[in-house]
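Peer 1: this is a predicted model, with the sequence first.
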Amino acid sequence: KNQVEQSPQSLIILEGKNCTLQCNYTVSPFSNLRWYKQDTGRGPVSLTIMTFSENTKSNGRYTATLDADTKQSSLHITASQLSDSASYICVVSAGNRDDKIIFGKGTRLHILP
Amino acid sequence: NAGVTQTPKFQVLKTGQSMTLQCAQDMNHEYMSWYRQDPGMGLRLIHYSVGAGITDQGEVPNGYNVSRSTTEDFPLRLLSAAPSQTSVYFCASSTTGPRTGELFFGEGSRLTVL
């Protein structure tokens, strides 16, 4: 069964600190993996996309990594800011069908001043 | 630049009532879709469309209808609302489909069914 598991469920850190969010997937065949940021009361917004051949992708203070062999991805946030408080959702696309994208449940990140 | 616009933002229904959630995009995207987001669960696909006149079912289509008469609009109809349909609904669009293209989401419509 295609699944995307994220950890931790929630995380609290102090402003300025770094953090890493994890995503493990069992989706097959793998097409690509995206990280989305969802602010409270808003729709998700894409941060990064990674295909099978890519192992690192950066977007400002956000750096995503992908290990296709172990089927793991991480999202590292550097020098966190209050505006980083949000849910981060890992999304994996399977095969060649547009309806076969699997959303993780998300990690809720709280940044404290 | 509006992007994806959903209306209404909030709605309360009684069991058995029907309603339509509106979704419009101004990016000329061929692909449009509806998701529902429930606590403790990932977003789940309800219906999607790869172009005007073409719709298909997603993971949780029961109780919902869609149509795509224009490229811009993709309304979601609840035929006879049930408490299990209490959720936040997101409309999303993409140039080529979510597998290869970025999904652009609306702000969401929060529906409560009593």
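Peer 2: Noted; the coordinates are in hand. Worth saying up front: this structure is predicted, and the values here are computed from it rather than measured.
Peer 1: where does the chain dip in pLDDT?
Peer 2: The chain I'm using is chain A. A:96-99 (pLDDT under 70).
Peer 1: actually it's chain B I care about, not the one you picked
Peer 2: Across chain B, the ranges flagged by pLDDT under 70 are B:1.
Peer 1: how about the residues of chain A by chain B?
Peer 2: Residues of chain A lying close to chain B (CB under 8 Å from any CB of the partner chain) are A:4, A:31-32, A:34, A:41-46, A:49, A:89, A:91, A:93, A:96-106. Every residue, glycine included, has its C-beta placed from N, CA and C.
Peer 1: can you pull the contacts of the residue with the largest distance to the centre of chain A?
Peer 2: No residue in chain A sits farther from the centre than A:Pro113, which is 23.3 Å out by CA atoms, centre = their mean. Going by CB atoms under 8 Å, 6 or more residues apart in numbering or on different chains, A:Pro113 touches A:Leu14, A:Glu15, A:Leu82.
Peer 1: and the residue nearest the centre of chain B, how far from B:Arg44?
Peer 2: Nearest to the mean C-alpha position of chain B, by CA atoms, centre = their mean, lies B:Trp34 at 2.8 Å. Per CB to CB, to the nearest Å, B:Trp34 is found 10 Å from B:Arg44.
Peer 1: returning to what we had before: show me which of the residues of chain A next to chain B are buried.
Peer 2: Buried residues within the residues of chain A next to chain B, defined by neighbour count using 16 or more other CB atoms under 10 Å in any protein chain shown: A:4, A:31-32, A:34, A:43-44, A:46, A:49, A:89, A:91, A:93, A:98-106.
Peer 1: ok, which stretches of the chain are strands?
Peer 2: Because you didn't say which chain, this covers chain A. For chain A, applying DSSP state E gives strands covering A:4-7, A:10-14, A:19-25, A:30-38, A:45-51, A:56-59, A:62-67, A:72-77, A:86-94, A:101-103, A:107-112.
Peer 1: looking at chain B here, not the other one
Peer 2: All strands of chain B, identified by DSSP E, fall at B:4-7, B:10-13, B:19-25, B:31-37, B:44-51, B:54-57, B:64-66, B:76-78, B:87-94, B:104-105, B:109-113.
Peer 1: quick one: distance of the first one to the chain centre.
Peer 2: It refers to strand B:4-7. Offset of strand B:4-7 from its chain centre (CA atoms, centre = their mean, to the nearest Å): 9 Å.
Peer 1: now do the last one
Peer 2: Offset of strand B:109-113 from its chain centre (CA atoms, centre = their mean): 12 Å.
Peer 1: for it, which outside residues touch it?
Peer 2: B:6-15, B:21, B:78, B:81-90.
Peer 1: before we move on, back to that, what's the overlap in contacts for B:Trp34 and B:Arg44?
Peer 2: Common neighbours of B:Trp34 and B:Arg44, counting by CB under 8 Å, 6+ apart, are B:Gly58.
Peer 1: most surrounded residue in the contacts of A:Pro113?
Peer 2: Using other CB atoms under 10 Å in any protein chain shown as the neighbour test, the contacts of A:Pro113 are led by A:Glu15, with 13 neighbours.
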